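A.B. asks: the sequence isn't on hand, but the structure is:
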DNA sequence: ATCAGTTATTACTCTTATGATAATAAGTCA
DNA sequence: TGACTTATTATCATAAGAGTAATAACTGAT
């Protein structure tokens, strides 16, 4: 039997099948803090707890396409950084049934969240609380406006942990910081993004040199306005082949 | 309605469901080359082509557990490096039906492959052909004994590509090289592993210093035997908390 | 108009990591 | 005994990095 005949007569056997979702970690840096978009669940299970935006993967839909679809529903931004993160499939991670979720993360400038947050009720951009240093890894929490921890649904604290770890690992090797900034930014703003991701302070002169030597940015010759003191030069990210 | 009642009366809706598999990239370094275990397919589709070992995820089985189960079937080694790699879910990646696969990679010393390879026929430990430098990424091929490329099934060339890229990225930050070596090894053998993963030559004195300064290895005071020339000292990996 | 106050930017120094070369040590085999 | 090969150590030169200090630019009060 050749392959064509095989496929024409093939009937899917009774393999165990699972429900497949994509969950999205939408990240931004606001006031020097790394934040994720969370949605309060209105229904059981885990009603009232805070969850990552997500949804089921459609029949003929690729994983990347599902992630982009969910992203488009929450943020008015098409060309942002979007990357697969990790897949979570513990049998009891959802009490309803076997649900396997492929987590993605997206990086957005703070302005991209305005539309979704303004629409109303159940969305927050919550600062993350990373309880580990360096790239140790582990679950990560989220805080409300007063700094109190939010109750996270399912294993979404683990998902946030993977996202935070991935960001810290990539920061020096991929131009991810620029996806969290507006098109033009000062070196101080760039440093704020780095510090928010790394969770620690950086010295200014070495940081400035590293960024300029790296070749990922160039000065625009223009300067910020409205600053109380000496205005900083505005830089832009240089798009390069291979990004 | 409280959560308990909700769950007791919950009936899974008609969400699209998919078949879920785990595919394993079993990696070793043989004669200074990075190799992966491949299995020749005996049935349609892709009959005759070479595929990664894999299998369906069981009903109540976690993804990690499925990976360990498949690993145990191919290698006599329980405590090796095993890590999730990436999830592939293009709708048409398998012509039979929608199959989403979660790829894992495992690192084994060359000796761990002997049993599986000896049993017979359809398994090979194929040297990888990485056509890109650094961490550019992209598909990776596999070679047969004479250096000719093997035909890979499905998207398994892409999976090998992700594995090679992950290894190159982790090599300096995680003690992965030692999982590819016997418990005691010479610095030359350690360097061979690094060169196989990176795909390029390294200078010996700086490499030696880096390894010793890193603190991941310690000398045993013993020396290799049977060498034609001056025997090298045997080192061992120091297990540390946080690995 | 001047000056204190604040931040941006650059200059300089010092330390550490990295890379290449050479010298020495320890074995095998003719 | 000595040529040969590899392991190991020493030395030097260069590059990358962190920390401190000095200078520049702007606001707002005096």
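C.D. replies: Perfect, I can see it now. Note that the structure is predicted; figures quoted are calculated from it, not measured.

A.B. asks: and stretch A:186-201 with DNA strand C, contact?
C.D. replies: Yes - residues of stretch A:186-201 are located near DNA strand C by Cβ under 7 Å from any atom of the strand, namely A:186-188. For glycine as for every other residue, the C-beta is placed from the backbone atoms N, C-alpha and C.

A.B. asks: skip ahead from the longest strand along chain A and say which helix or strand is next.
C.D. replies: Criterion DSSP state E: the longest strand present in chain A is strand A:17-30. Heading C-terminal from strand A:17-30, the first helix or strand you meet, by DSSP states H and E, is strand A:33-40.

A.B. asks: name every strand pairing with that next one and say which way it goes.
C.D. replies: According to DSSP bridges, strand A:33-40 forms sheet pairs with strand A:17-30 (antiparallel), strand A:50-51 (antiparallel), strand A:123-129 (antiparallel).

A.B. asks: can you list the domains in chain A?
C.D. replies: Chain A resolves into domains spanning A:19-170, A:177-237 when parsed by automatic domain parsing.

A.B. asks: which one, of those, ends up nearest to residue B:126?
C.D. replies: domain A:19-170 (26.2 Å; Cβ to Cβ).

A.B. asks: check whether that closest one comes near DNA strand C.
C.D. replies: No - contact between domain A:19-170 and DNA strand C is absent, the nearest approach being 12.6 Å (criterion: Cβ under 7 Å from any atom of the strand).

A.B. asks: quick one: mean pLDDT over that domain.
C.D. replies: Across domain A:19-170, pLDDT averages out at 94.

A.B. asks: any idea how far residue A:28 is from residue A:139?
C.D. replies: Distance of residue A:139 to residue A:28, given as Cβ to Cβ, to the nearest Å: 20 Å.

A.B. asks: which of the residues of stretch A:186-201 next to DNA strand C fall within helices?
C.D. replies: A:187-188 (DSSP state H).

A.B. asks: closest to residue B:179 out of the residues of stretch A:186-201 next to DNA strand C?
C.D. replies: Nearest to residue B:179 among these, with distances taken as Cβ to Cβ, is residue A:187, at 41.0 Å.

A.B. asks: contacts only, for that closest one.
C.D. replies: When contacts are counted by Cβ atoms under 8 Å, 6 or more residues apart in numbering or on different chains, residue A:187 touches A:207-208, A:211, A:232-233, A:235.

A.B. asks: mind doing that once more with 7 Å?
C.D. replies: A:208, A:211, A:232, A:235 (Cβ atoms under 7 Å, 6 or more residues apart in numbering or on different chains).

A.B. asks: now, of the residues you listed, which are buried?
C.D. replies: A:211, A:235 (16 or more other Cβ atoms under 10 Å in any protein chain shown).

A.B. asks: nearest to DNA strand C, of the contacts of residue A:187?
C.D. replies: Set against DNA strand C, the nearest of the contacts of residue A:187 by Cβ to the nearest atom of the strand is residue A:232 (3.5 Å).

A.B. asks: state the distance from the closest one to residue A:177.
C.D. replies: Separation of residue A:232 from residue A:177 (Cβ to Cβ): 16 Å.

A.B. asks: residue A:79 now?
C.D. replies: Taking Cβ to Cβ, one finds residue A:79 at 16 Å from residue A:177.

A.B. asks: can you tell me the element the residue in chain A that DNA strand D sits nearest to falls in?
C.D. replies: Ranked by Cβ to the nearest atom of the strand, the top residue of chain A for proximity to DNA strand D is residue A:230, at 3.1 Å. Assigned by DSSP H and E, residue A:230 belongs to no helix or strand.

A.B. asks: how about the strands in chain A?
C.D. replies: Going by DSSP E, chain A shows strands at A:17-30, A:33-40, A:50-51, A:54-56, A:81-88, A:99-107, A:123-129, A:141-142, A:184-185, A:217-223, A:233-237.

A.B. asks: winner for burial among those strands?
C.D. replies: Most buried of the strands of chain A, by mean neighbour count (mean count of other Cβ atoms under 10 Å in any protein chain shown): strand A:99-107, with a mean of 25.

A.B. asks: packing partners for that one?
C.D. replies: Identification of packing neighbours for strand A:99-107 by 3 or more Cβ pairs under 7 Å, 6 or more residues apart in numbering or on different chains; DSSP states H and E yields strand A:17-30, helix A:63-74, strand A:81-88, helix A:156-170.
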